Structures are given as C-alpha cells and as structure tokens.
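Engineer: here is my input; please provide its structure:
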Amino acid sequence: MQIKPIKTEKDYKTALARLEIIFDAKPNSPEGDELEILGILIDKYEGEQYPIDFPDPIEAIKFRMEQMGYSQSDLAKMVGLKSRASEILNKKRKLTLEMIRQLHQALNIPTGVLIQNY
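Structural biologist: Numbering: from 1, shown residues only. Alright, predicted model coming up:
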C-alpha cells in the first residue's frame, strides 16, 4: 500500500483494511514500519473525526467512587461535610478549586474533567 494522508472515510476504511492485513508484522521490517505509520495516521484521523468528549464531572466522581468502593461518607471526608458531598453528587453545589484539587489527588480524576461546567 502506498501510504498517504487519510482524508476521507474511504481512505480510512482502506487504511483499516491494510492495518488488519499487516497487524502481526515484525518490528523494523518494511511492513512493521508501514504498520507504525498507518497506526499514527489512523489515530490522527479518528481523533479529528470521532472526538471523545470528557465525561460529566459528577458522573466521573460517581464512577470513580464506585470503582474504588467509596461511599458518600468517604467523599464527605474529601470535601468537608456529608451535606456538602450530597449537594455535589446531586449537582446542587459547584466544585470549588480546593475540592477539585482534593478529588484529583484522592480519586485520580484528571483536573480537566473536574473543571468542566455541569
């Protein structure tokens, strides 16, 4: 395959088909190099055509709490009060900068997710 920029959906599908054929290519071989370059081009096209938005900040907090087995009481320890934790989870109170820092550190949620409007 002659490598060229992926500009259309047809180009994208052609690149995916070729990627599937050479997927097991050995590194540092001509096909291995082609595989690496195709991967970069496909990733760039997908990032432009199918962007993935950040999740809702509160949903991200709830999801991460569930993953870590945390309760609302655990969240209250991070943000100060149990009533405050309830207000946050019910979207009745906005996150402050200090809360964002605490949640980022305790739950490992990217600050870019936590600072969004909701």
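
Engineer: use CA for all of it now, contacts and neighbours both
Structural biologist: Noted.

Engineer: next one: Asn28 relative to Glu36, how far apart?
Structural biologist: Distance from Asn28 to Glu36, counting by C-alpha to C-alpha, to the nearest Å: 10 Å.

Engineer: these two: which has the busier surroundings?
Structural biologist: Each of Asn28 and Glu36 had its neighbours counted (other C-alpha atoms under 10 Å), and the higher figure belongs to Glu36 (15 against 10).

Engineer: and the pLDDT at the most centrally placed residue in the chain?
Structural biologist: Note on the chain: the residue nearest the mean C-alpha position is Phe54, at 6.5 Å, using C-alpha atoms, centre = their mean. On the pLDDT scale, Phe54 is placed at 89.

Engineer: quick check: closest non-adjacent residue to it.
Structural biologist: For Phe54, ignoring the flanking residues on the chain, the nearest one in space by C-alpha to C-alpha, 6 or more residues apart in numbering is Val113 at 5.9 Å.
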